[in-house]
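Peer 1: sharing a model prediction with you, sequence too.
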Amino acid sequence: MKYLLIIFSLVLVGCGSTPYRDDYAKHVNLITNNNANFIFDFSEELVVDLRGQYSKNDTATASPILYQGAAGIAGMLIQIGAHSSLINSQRNEKLAAEQKQANQSIASLISLTENISLNNLIQEHSFHQQSLENNDAVIVRMKPIFFSNKEMTKLSLKSIVWIPVDDKNKKRKQKYKYKNMIHIYGDELNESQQQKLLDGDATFLSLQLSNLINTAINIAKNDLTGGYPVKTNRNKTFFINDGVEKKVVRGSIIAKQCGYQIIQNLHSWFIAFPLPKTQPNIKNSMSHQC
């Protein structure tokens, strides 16, 4: 019975494994000083990472396998592990192929980002330079990934935001003082705006990307400085159109500002999407730059 439970657990782990994702973060918040001087800095290259949006259906149909019981318990476990790895590999290959195809559909848009620096998108905030000059600042790392649907009518941003522990604490199991995901959905572009992208208007694209990343930075700043209230509202269901499919999100509204409705979902991620045009542009009392 003991061995059967072990096998069953491994089957669940193997079949439930998911491909590698660089747009996922587990929420961590160990910040005790909300009055610290938080300075944002990009963790890696300053080149804009723009990708095609696609439906992330990673279902893989693996060939049926007949486990050889004669190999004993150890042999059975090896077979289960190999089958799990095969399924996971097929998922990764499928998603990689779909991402490549999605990128090809917006190749002209991606080419426009080659000369756009992330630092140029953050307007008056010279976070990267300040981080090199201010030794007392708490450095907040960001990894922004932009997305566009194939019609180039909907732009969005996913950004992991984190604060690593001090170097002297590298041996600790916990590697982060703070880590979270911020997801911003842009407005649906009208026909004339879409045409600007199709015509290769890099300035217009920069403005759209700038709005997304500055909104993400302001949300992160408000969270780190205690600007958002503790989530007490009941979770609701929200339907968000990302330009490819309708997303179903469970979460609680924490702010309506600068044309966006901001919710915190069940993972504690922040998700911002445009307010309906019929609603006024509501700003709450907290300090916030649009």
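Peer 2: Structure's in. What do you need? Numbers count the residues shown, from 1 in each chain.
Peer 1: the closest residue to residue 98 other than its chain neighbours - how many residues pack around it?
Peer 2: In this structure, residue 98 finds its nearest non-sequential neighbour in residue 54, 5.0 Å apart by CB to CB, 6 or more residues apart in numbering. All C-beta spots, glycine's among them, are computed from the backbone N, C-alpha and C. Using other CB atoms under 10 Å, residue 54 has 19 neighbouring residues.
Peer 1: tell me the contacts of residue 54?
Peer 2: Counting by CB atoms under 8 Å, 6 or more residues apart in numbering, residue 54 touches 98, 99, 101, 102, 244.
Peer 1: from the residues you listed, pick the one nearest residue 214.
Peer 2: residue 244 (24.2 Å; CB to CB).
Peer 1: how much space separates that closest one from residue 53?
Peer 2: 5 Å (CB to CB, to the nearest Å).
Peer 1: looking at these two, which is more packed in?
Peer 2: More crowded of residue 244 and residue 53, by other CB under 10 Å: residue 53, with 22 against 18.
Peer 1: isn't the more buried one right next to residue 241, touching?
Peer 2: No - counting by CB atoms under 8 Å, residue 53 sits too far from residue 241 to count as a contact (11.2 Å).
Peer 1: which neighbours do those two share?
Peer 2: Joint contacts of residue 53 and residue 241 (CB under 8 Å, 6+ apart) are residue 154.
Peer 1: before we move on, the earlier item: who touches both of residue 244 and residue 53?
Peer 2: residue 149.
Peer 1: ok, now which ones touch residue 164?
Peer 2: 141, 175, 176, 177.
Peer 1: my bad, residue 33
Peer 2: By CB under 8 Å, 6+ apart, residue 33 has no neighbours at all.
Peer 1: roughly how far does it sit from residue 118?
Peer 2: 27 Å.
Peer 1: repeat for residue 253
Peer 2: 29 Å.
Peer 1: look at the two and report which has more neighbours.
Peer 2: residue 118 (21 against 14).
Peer 1: list the residues that contact that one.
Peer 2: 42, 46, 47, 48, 144, 213.
Peer 1: in PyMOL, select just the buried ones from the residues you listed.
Peer 2: To isolate the buried members of these in PyMOL, using 16 or more other CB atoms under 10 Å:
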select buried, resi 42+48+144+213
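Peer 1: gap between the two ends of stretch 138-157?
Peer 2: Terminal residues of stretch 138-157 are spaced 24 Å apart (CA to CA, to the nearest Å).
Peer 1: got the buried residues for that stretch?
Peer 2: 138-144, 146-150, 152-157.
Peer 1: mind checking which of the residues you listed are in helices?
Peer 2: Of those, none are assigned to helices by DSSP state H.
Peer 1: out of these, which are inside strands?
Peer 2: If you go by DSSP state E, these have 138-144, 146-148, 155-157 in strands.
Peer 1: which two of these have the greatest separation?
Peer 2: Going by CB to CB, the pair spanning these furthest: 138 and 148, at 32.6 Å.
Peer 1: what pLDDT, on average, does stretch 120-131 get?
Peer 2: For stretch 120-131, mean pLDDT is 61.
Peer 1: swap in stretch 248-262?
Peer 2: Confidence over stretch 248-262 (mean pLDDT, whole number) is 90.
Peer 1: output the contacts of residue 54 in TSV; the columns should cover pLDDT, distance to residue 191 and secondary structure.
Peer 2: What follows is these, written out as TSV (pLDDT from 0 to 100; distance: CB to CB, whole Å; DSSP: H, G, I helix; E, B strand; the rest coil):
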residue	pLDDT	distance to residue 191	secondary structure
98	88	27	helix
99	85	27	helix
101	91	25	helix
102	90	22	helix
244	84	19	coil
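Peer 1: out of those, who's nearest residue 113?
Peer 2: Distances from residue 113 to those, taken by CB to CB, are shortest for residue 102, at 15.1 Å.
Peer 1: burial check on that closest one, number of neighbours?
Peer 2: Quick note: residue 102 (other CB under 10 Å) scores 19 neighbours.
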